[in-house]
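*Asks:* using only what follows, build the 3D model:
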Amino acid sequence: MDIVIRPATTGEHAELGEITAQAYLGDGLLDFGESDAYLGELRDVAKRAAAAEVLVAVEHGTLLGGVTFVPGPGPMADIAGPGEAEIRMLAVARAGRGRGAGEALVRACVDRARGIEGCGRIVLSTQRTMHSAHRIYERLGFTRTPDRDWNPLPELDDIMLLTYELTL
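*Replies:* Numbers count the residues shown, from 1 in each chain. Got it, this is the predicted structure:
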């Protein structure tokens, strides 16, 4: 496999932001399309990189995708508590799918979490329709944690994020 996982450079922020936004838009994961407020968050890689670690998957100089690794509770954490790291905003460009980039990014996050003293698990939230991502998580040993499922937009009853965890 020629896919390299490494920290994102400042010069890659705009491209990764667009890959992330297009992955969510293309998969129908944003309720309001281009007007969805979360789209701005997906595109703002610089903001994520200032508060967490943004990793990219690169193959022969081509950016395939990225992920935000959150080493514990803080401004970028959605559900991580003490002793937990979190995976956020995993996205792979359509052209890079099916080649192992998503799995390599998740494995890199797991490896980073294992290197944090006192970190006992890694957690994440995912949408119900992200079936390819669910398969990656389950293949790597993550298990569903329905008791932690949550709604990021309480005013909309039908948006529930599923949660997974991996005990390290």
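*Asks:* neighbours of the closest residue to Arg94 other than its chain neighbours, how many?
*Replies:* Leaving aside its chain neighbours, Arg94 sits nearest to Gly26 (6.3 Å; criterion: CB to CB, 6 or more residues apart in numbering). All C-beta spots, glycine's among them, are computed from the backbone N, C-alpha and C. Gly26 has 12 neighbours, counted by other CB atoms under 10 Å.
*Asks:* can you pull the pLDDT of Gly28?
*Replies:* At Gly28, the pLDDT value in this model is 59.
*Asks:* now for the protein, the helix or strand with the poorest mean pLDDT.
*Replies:* Among the secondary structure pieces of the chain, namely its helices and strands, helix 37-43 has the lowest mean (mean pLDDT, DSSP states H and E), a mean of 81.
*Asks:* now it: buried residues?
*Replies:* Residues of helix 37-43 classed as buried under the neighbour-count rule (16 or more other CB atoms under 10 Å) are Tyr38, Leu39, Glu41, Leu42, Arg43.
*Asks:* including distance to Thr167, could those go into JSON lines?
*Replies:* Supplementary listing: the buried residues of helix 37-43 in JSON lines, determined by distance: CB to CB, whole Å:
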{"residue": "Tyr38", "distance to Thr167": "29"}
{"residue": "Leu39", "distance to Thr167": "33"}
{"residue": "Glu41", "distance to Thr167": "28"}
{"residue": "Leu42", "distance to Thr167": "29"}
{"residue": "Arg43", "distance to Thr167": "33"}
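*Asks:* quick one: which of those residues is nearest Ala133?
*Replies:* Within the buried residues of helix 37-43, the smallest distance to Ala133 is 14.8 Å, found for Leu42 (CB to CB).
*Asks:* let me see the contact set for the closest one.
*Replies:* Counting by CB atoms under 8 Å, 6 or more residues apart in numbering, Leu42 touches Gly17, Thr20, Ala21, Tyr24, Met89, Ala91.
*Asks:* can you name the helix or strand that the last one falls in?
*Replies:* If I follow you right, that is Ala91. Taking DSSP states H and E as the criterion, the element that holds Ala91 is strand 84-92.
*Asks:* any idea of the mean pLDDT for the following helix or strand past that strand?
*Replies:* Along the chain past strand 84-92, the next helix or strand (assigned with DSSP H and E) turns out to be helix 101-114. Summarised as a single mean, pLDDT over helix 101-114 is 97.
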